[in-house]
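Asker: This is the structure alone, sequence omitted:
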């Protein structure tokens, strides 16, 4: 049994045609106005869209059970029928927004320092 390479784990999931189209179009330089707008806009999860990138994350049984329980509570108590991927993307967006806003005093830094 062989272990997958990084290229296998982090491969784009979009069709090769989209990659070819992207290569044909020259990249537009980012203007100062666009950069400033990007800095002011809070990070938002992508929601229900077709994603181009994939990341594999390994969890403990307890962590996976907690995600499933949260997903079921969101469905049962709030009528939100979301999948695990959407739940994780929303959680990551919240953590990154908190980190961006609070930096060293963010919950992310606090938890990582405690480990």
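Answerer: Received the coordinates, thanks. If you're wondering where the values come from, they're calculated on a predicted model, not measured in any experiment.
Asker: For whichever strand or helix holds residue 95, name the packing helices and strands.
Answerer: Take DSSP states H and E as the rule and residue 95 turns out to sit in helix 84-102. Packing partners of helix 84-102 (3 or more CB pairs under 8 Å, 6 or more residues apart in numbering; DSSP states H and E): helix 61-78, helix 107-114. Every C-beta, even on glycine, is put in place using the N, C-alpha and C of the backbone.
Asker: Now do the shortest one against helix 84-102: the angle between them, please.
Answerer: What separates the directions of helix 107-114 and helix 84-102 is an angle of 90 degrees, with axes from the mean of the first three to the mean of the last three CA atoms, to 10 degrees.
Asker: and if you look at the first one?
Answerer: Angular relation of helix 61-78 and helix 84-102 on a 0 to 180 degree scale: 90 degrees, by the same axes, to 10 degrees.
Asker: in helix 61-78, what's buried?
Answerer: Across helix 61-78, burial judged by 16 or more other CB atoms under 10 Å covers 71, 74.
Asker: Contacts for it, please.
Answerer: Residues outside helix 61-78 that contact it (CB atoms under 8 Å, 6 or more residues apart in numbering) are 59, 80-84, 87-88.
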